[in-house]
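Participant: A structural model of the following input is requested.
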Amino acid sequence: MSSTIDLETEKNKDAMQLALSGMQRRLDKILEGGGAKRVEKLHKEGKMSARERIDYLLDPKTPRIEVGAFAGYDMYAEHGGCPAGGVVVVIGYIRGRQCIVVANDATVKAGAWFPITGKKNLRAQEIAMENRLPIIYLVDSAGVYLPMQDEIFPDKEHFGRIFRNNARLSSAGIPQIAAIMGSCVAGGAYLPIMSDEALIVEKTGSVFLAGPYLVKAAIGEEADKETLGGASTHSEISGVTDYKMPDDPTCLDTIKDLVDKFGRFEHAGFDRTEAQPPAGKPDDLFTIFPENGAKPYATVEVLRRIVDEGKLTQYKEHYGKTIITAYARIDGWAVGIVANNRQVVKNAKGEIQFGGVIYSDSADKATRFILNCNQKKIPLVFLHDVTGFMVGTRSEHGGIIKDGAKMVNAVSNSTVPKFTIVIGNSYGAGNYAMCGKAYDPRLIAAWPTAKIAVMGGEQAAKVLTQIQVETLKNKGEAPDPDGERALFEQIKARYLAQTSPYYAAARLWVDAIIDPRDTRKWISMGIEAANNAPVEKFNVGVIQA
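Facilitator: Got it, this is the predicted structure:
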C-alpha cells in the first residue's frame with residue numbers, strides 16, 4: 001500500500017513540476033517583450049524598458065504580483081503578436097504604500113493599444129477603483145493600433161472608457177500620477193493629463209493631440225516634435241504638465257517622493273493577526289493535487305497547506321459535504337473559505353455524492369456561510385475544482401435549480417471582498433456559483449492545472465460530435481465509425497485547447513496563472529488592497545428558504 005501511495009505522490013509531483021516548467025518557459029518568452037534589439041534601442045534613446053522602470057520604482061525586496069502577464073498570449077499572430085498585451089501591470093509597494101503600476105511596453109508595436117491592451121488597462125483601473133489603490137501610469141505609447149481600431153476605439157469597454165475612469169478615480173479621491181516617458185499622442189494624451197499630477201521626461205517625453213505629420217497634413221504648419229509637445233513646451237509654456245524631469249531615474253525618484261506624502265484611507269477593518277506558516281511544506285501542494293484532474297483527492301489537505309497553522313474551523317462539516325466551508329487565517333488575515341471537496345462522500349442517508357459536484361445540500365450550506373461572512377465582515381476565498389451542479393430527475397425534483405440560484409444570489413450580492421483561485425476544473429454554472437470572473441472577485445488567479453469551460457472536454461466533444469454527425473446524416477453524408485472517431489478527436493482537441501488556463505489568461509478571464517505556492521501571497525496582498533475600501537451594507541435580495 002505504501003509503495004502505491006509513494007508512486008501516486010511522485011506522479012503528482014512530476015506532473016505539477018512539468019506544468020510549472022511549461023508555465024515558466026512561456027512566461028520567460030513574454031518577459032522579453034518585443035525582444036532584446038528593441039530594448040537595446042530604448043537604452044540608446046536614454047530610456048528604460050517598462051519592466052526596468054517598474055523594478056526601479058517599486059521598493060526592493062518587497063512582494064509584488066503581476067496582473068495579466070499572459071494577456072494576448074497566442075493572439076494576434078497575424079499582427080506579430082502582443083506579449084503581455086503591450087502593457088505591464090503590477091501591484092507592489094512604493095515607499096511602503098501599496099500601489100498599482102501600469103507601464104506601456106514601447107518594445108511591442110511602440111506601445112500601441114491592441115484590443116487586449118484596452119481590456120488590461122481597464123482591469124487595472126477596476127482594481128484601483130474597487131480597492132482605492134493609488135495608480136501610477138508610466139506612459140510610452142503610440143496610441144491606438146490603427147489596423148484594429150474598430151475593435152479598440154468606439155465601444156463602451158474600449159479606449160475611451162480609460163479616460164472616463166480617470167475622471168471617476170479622481171472624483172473618488174484615488175490618487176493618479178502619470179509620467180510621460182515617451183510618446184503620448186492623440187486620444188492617449190488625455191490619460192496623463194486627466195491624472196492628478198503629470199511628469200514629463202526631457203527629450204524623450206512628448207504629448208500632443210496631433211503629431212508633426214498630422215499637423216502638416218491638417219493645417220499646413222511645420223513643427224518639430226519637441227516644439228509641438230515636448231517637456232519644455234508643456235512645463236514652461238502650456239502648463240499642461242507639472243514636473244519636468246531630466247531622465248527616467250529622476251522621474252521615477254520624484255514619483256516615489258510624491259507617493260511618500262499620500263494620506264491614508266480609512267480601513268475597512270478586516271481582522272489580521274501575526275502571520276503563521278501553513279501546515280507541512282509548500283511543495284506538499286505538488287504531491288497532494290493529482291496528476292489526473294478526474295481523480296479524487298483530499299481537498300482539506302490542500303487547504304491546510306494554504307492557511308495559517310493548517311487550522312480550519314469547518315462550518316457544517318457533516319452536511320453538504322461536496323463543498324467545504326471554513327473559517328481560517330491566511331498570512332494573518334481572517335478569511336471565509338468556500339472550496340469544492342473533491343473526495344467522494346456519503347450524505348446522512350448513506351448515498352454516494354461525487355466530489356467536485358454541487359448538490360442541493362452543499363449549495364444551501366455555502367449560501368448560509370456566505371451570508372455569515374458578510375454579516376461578520378470576513379473576506380471570502382473561493383477555491384474552484386467544480387464540474388458543475390448535480391443533474392438528473394432526482395436533483396431536478398429536489399429543486400437543484402432553486403438551491404443553485406440561492407448560492408448565485410448570495411455570491412452576487414456579497415459586499416465583502418471575494419478572491420478566487422481556480423485550482424482544477426471550473427465548469428458550467430459551478431464557475432458562476434463559485435465566484436467566477438463574472439461575479440467580481442477582487443482578484444482571480446489560476447493554477448497551471450486549471451480548466452475553465454461550460455463543460456468537460458470529453459462530454460462537450462461527444463455532444464458536438466453527435467450534433468455534427470446528425471447534420472451530416474441529414475445531408476446524406478454520414479461518416480463511417482472511423483470517420484466519426486476522427487471527428488470526435490478533432491473536436492475534442494479544439495475544445496480542450498479552449499479550456500486551457502493559457503486560453504483563459506490570454507483573454508483576462510483570470511488575472512494570472514500562478515505557482516500554487518504563491519496562492520497565499522495573492523490572497524494576502526489582495527485583502528491588504530481591499531482593506532483600503534469601506535464595505536457596503538449587505539442586502540441579500542430574494543433568497544427563498
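Participant: which residues sit in contact with residue 210?
Facilitator: Neighbour list for residue 210: 185-186, 218 [criterion: C-beta atoms under 8 Å, 6 or more residues apart in numbering]. In short, each C-beta sits where N, CA and C put it, glycine included.
Participant: Excluding sequence neighbours, find me the nearest residue to residue 73.
Facilitator: Closest residue to residue 73 apart from its sequence neighbours, by C-beta to C-beta, 6 or more residues apart in numbering: residue 506 at 4.0 Å.
Participant: which residues are in contact with the helix or strand containing residue 365?
Facilitator: Using DSSP states H and E, residue 365 maps to helix 360-375. Helix 360-375 is contacted from outside by 315-316, 319-323, 325, 336, 338, 347, 358, 378-380, 389-390, 395, 398-400, 403-404, 406-407, 409-411, 414-416, 433, 538, 540, 543, using C-beta under 8 Å, 6+ apart.
Participant: if we go to 6 Å?
Facilitator: Helix 360-375 is contacted from outside by 315-316, 319-320, 322-323, 325, 336, 338, 380, 398, 400, 403-404, 406-407, 410, 414, 416, 538, using C-beta atoms under 6 Å, 6 or more residues apart in numbering.
Participant: among these, which ones are buried?
Facilitator: Buried members of those, counted by 16 or more other C-beta atoms under 10 Å: 315-316, 320, 322-323, 325, 336, 338, 380, 400, 403-404, 406-407, 410, 414, 416, 538.
Participant: thinking again about what came up before, tell me the buried residues within the contacts of residue 210.
Facilitator: Buried among those by 16+ other C-beta under 10 Å: 185-186.
Participant: Find the residue closest to residue 104 in space, skipping its chain neighbours.
Facilitator: Spatial nearest neighbour of residue 104, chain neighbours left out: residue 111 (3.8 Å); criterion: C-beta to C-beta, 6+ apart.
Participant: Count the neighbours of the one you found for me.
Facilitator: Neighbour count of residue 111, defined by other C-beta atoms under 10 Å: 25.
Participant: Who are the contact partners of it?
Facilitator: 104, 140-142.
Participant: Just the ones of the buried ones among the contacts of helix 360-375 in strands?
Facilitator: Among these, DSSP state E puts 323, 325, 336, 338, 380 in strands.
Participant: ok, so of the residues you listed, who is nearest residue 131?
Facilitator: Using C-beta to C-beta, the shortest approach to residue 131 within these belongs to residue 380, at 15.1 Å.
Participant: give the contact list for that closest one.
Facilitator: The neighbourhood of residue 380, defined by C-beta under 6 Å, 6+ apart, consists of 336, 373, 416, 418.
Participant: Quick check on the third one: phi, psi?
Facilitator: By that I understand residue 416. For residue 416, the backbone dihedrals (degrees, to the nearest 10) come out as phi -70, psi 150.
Participant: State the distance from it to residue 336.
Facilitator: Residue 416 sits 8 Å away from residue 336, taking C-beta to C-beta, to the nearest Å as the criterion.
Participant: now do the last one
Facilitator: The gap separating residue 418 from residue 336 is 10 Å, by C-beta to C-beta.
Participant: now residue 406
Facilitator: From residue 406 over to residue 336 the distance is 17 Å, taken as C-beta to C-beta.
Participant: all strands of the stretch 251-400 of the chain, in order?
Facilitator: Listed in chain order, the strands of the stretch 251-400 of the chain (DSSP state E, counting those that start in this stretch) span 313-314, 323-330, 333-340, 345-346, 352-353, 357-358, 380-386, 388-389.
Participant: okay, these, which one's buried deepest?
Facilitator: Among these, strand 380-386 has the highest mean neighbour count (mean count of other C-beta atoms under 10 Å), at a mean of 27.
Participant: Could I get the average pLDDT for that strand?
Facilitator: The average pLDDT for strand 380-386 rounds to 97.
Participant: Ok, stretch 506-520 next?
Facilitator: 98.
Participant: Same question for stretch 441-459.
Facilitator: Here stretch 441-459 scores 90 as its mean pLDDT.
Participant: do stretch 94-109 as well
Facilitator: Confidence for stretch 94-109, expressed as mean pLDDT, is 97.
Participant: try stretch 527-539
Facilitator: Averaging pLDDT along stretch 527-539 gives 91.
Participant: Now do the buried residues in it.
Facilitator: So for stretch 527-539, counting by 16+ other C-beta under 10 Å, buried means 527-533, 535, 538.
Participant: Give me the residues contacting that stretch.
Facilitator: For stretch 527-539, contacts defined as C-beta under 6 Å, 6+ apart pick out 98, 131-133, 265, 267-268, 270, 333, 374, 377, 379, 415-417, 442.
Participant: now swap in stretch 189-205 and tell me
Facilitator: Taking contacts as C-beta under 6 Å, 6+ apart, the residues outside stretch 189-205 that touch it are 47, 139, 162-163, 166, 175-182, 207, 209, 231, 234, 240-243, 245-246, 251.
Participant: May I have it exported as PDB, CA atoms only?
Facilitator: The C-alpha coordinates for stretch 189-205 follow below in PDB (Å, rounded to 0.1, in the frame of the first residue of the first chain):
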ATOM      1  CA  ALA A 189      -2.800  62.300 -24.500                       C
ATOM      2  CA  TYR A 190      -5.800  62.600 -22.200                       C
ATOM      3  CA  LEU A 191      -4.800  59.800 -19.900                       C
ATOM      4  CA  PRO A 192      -1.800  61.500 -18.200                       C
ATOM      5  CA  ILE A 193      -3.400  64.900 -18.300                       C
ATOM      6  CA  MET A 194      -6.600  63.600 -16.700                       C
ATOM      7  CA  SER A 195      -4.500  62.200 -13.900                       C
ATOM      8  CA  ASP A 196      -4.000  64.300 -10.700                       C
ATOM      9  CA  GLU A 197      -0.300  65.100 -11.500                       C
ATOM     10  CA  ALA A 198       1.800  64.600 -14.600                       C
ATOM     11  CA  LEU A 199       5.500  64.400 -15.000                       C
ATOM     12  CA  ILE A 200       7.400  64.600 -18.300                       C
ATOM     13  CA  VAL A 201      10.900  63.500 -19.200                       C
ATOM     14  CA  GLU A 202      13.000  65.900 -21.300                       C
ATOM     15  CA  LYS A 203      13.900  64.800 -24.900                       C
ATOM     16  CA  THR A 204      12.100  61.500 -24.700                       C
ATOM     17  CA  GLY A 205       8.700  62.500 -23.400                       C
END
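Participant: what comes up buried for that stretch?
Facilitator: Here stretch 189-205 shows 189-202, 204-205 as buried, counting by 16+ other C-beta under 10 Å.
Participant: Next up, the contacts around the closest residue to residue 311 other than its chain neighbours.
Facilitator: Nearest residue to residue 311, sequence neighbours excluded (C-beta to C-beta, 6+ apart): residue 328, at 6.3 Å. Contact partners of residue 328, counting by C-beta under 6 Å, 6+ apart, are 307, 312, 335, 337.
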